[in-house]
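Novice: heads up, no residue letters with this:
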């Protein structure tokens, strides 16, 4: 399988099965964040139903399926149990591709996994179960987080509560300004130097314009697309 300068489109697990063992120097991946994860598959029909429901509304983000057990509903025992099972299913799914990724990476290879602040812990545990060693957590600070969740004052005002204004500023969540990047590493070959000499990986290139690279990334803007 020729790997250089080629993009393969397909199921990542099936593609990785074609890659030789211990041949990949590193991996950066941005998998689904478990916003609407049901078992092993994305429920396409349910996503379509919910997308159609909000297409003509003022909903801010229309490509995330609203109304799921993770996004709304009565917070009773059944809701939390459904959420727990969903989380475990997501962790299991991460482990499926994590184990294959472990097989094809070189000793000492770093793997960086973008994820949400809510579910990144599950990703890290899944990678550790697959054989990787948890090394760090990088915070990508974006300064563009939009507050979501319940606004207590507005909700109480709609309910006709006379004291609604005294709850001004109270919300069900904080504004998210950063994205998590889990950093895991395949075990070394006894030491950093041995691994570096044998595999050519295992260390960070930590030199940066600011001196020594930290685990907080900020000030990065996406390049504007080139005009045709």
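Specialist: That came through, no problem. No experiment lies behind these values; they were computed from the predicted model shown.
Novice: Just give me the neighbour total for residue 207.
Specialist: 9 (other C-beta atoms under 10 Å). No exception for glycine: its C-beta is placed from N, CA and C like everyone else's.
Novice: cool, and residue 208?
Specialist: With neighbours defined by other C-beta under 10 Å, the count for residue 208 comes to 9.
Novice: before we move on, what about the one 3 residues further on?
Specialist: The burial count assigned to residue 211 is 8, neighbours taken as other C-beta under 10 Å.
Novice: Contact partners for it?
Specialist: With C-beta atoms under 8 Å, 6 or more residues apart in numbering as the criterion, no residue contacts residue 211.
Novice: begin at 49 from here
Specialist: All right, first residue 49 from here; so that's residue 259.
Novice: how close does it get to residue 185?
Specialist: Distance, residue 259 to residue 185, using C-beta to C-beta, to the nearest Å: 21 Å.
Novice: give me phi/psi at residue 212?
Specialist: phi -60, psi -40 (degrees, to the nearest 10).
Novice: so it sits right up against residue 205, yeah?
Specialist: Yes. Applying C-beta atoms under 8 Å, one finds residue 212 in contact with residue 205, separated by 4.0 Å.
Novice: residues contacting the closest residue to residue 186 other than its chain neighbours?
Specialist: Sequence neighbours aside, residue 229 is the residue nearest to residue 186 in space, at 3.9 Å (criterion: C-beta to C-beta, 6 or more residues apart in numbering). Listed by C-beta under 8 Å, 6+ apart, the contact set of residue 229 reads 160-163, 185-188, 265.
Novice: longest helix anywhere in this structure?
Specialist: Criterion DSSP state H: the longest helix present in the chain is helix 125-152.
Novice: Check the offset of the helix or strand following that one from the chain's centre.
Specialist: Using DSSP states H and E, the helix or strand that directly follows helix 125-152 along the chain is strand 153-163. Chain-centre distance of strand 153-163: 14 Å, with C-alpha atoms, centre = their mean, to the nearest Å.
Novice: From the contact counts, what lies against the following helix or strand past strand 153-163?
Specialist: Next along the chain after strand 153-163, taking DSSP H and E as the criterion, comes helix 168-178. Applying 3 or more C-beta pairs under 8 Å, 6 or more residues apart in numbering; DSSP states H and E, we find helix 168-178 packed against helix 125-152, strand 153-163, strand 181-189, strand 226-233.
Novice: Go through those and name the closest to residue 245.
Specialist: Nearest to residue 245 among the helices and strands packed on helix 168-178 is strand 153-163 (10.5 Å), distances taken as C-beta to C-beta.
Novice: angle of the closest one against strand 181-189?
Specialist: 40 degrees (axes from the mean of the first three to the mean of the last three C-alpha atoms, to 10 degrees).
Novice: relative to helix 168-178, how tilted is strand 153-163?
Specialist: 160 degrees.
Novice: Next, the angle strand 226-233 makes with strand 153-163.
Specialist: 170 degrees.
Novice: can you give me the mean pLDDT across strand 153-163?
Specialist: The average pLDDT within strand 153-163 is 97.
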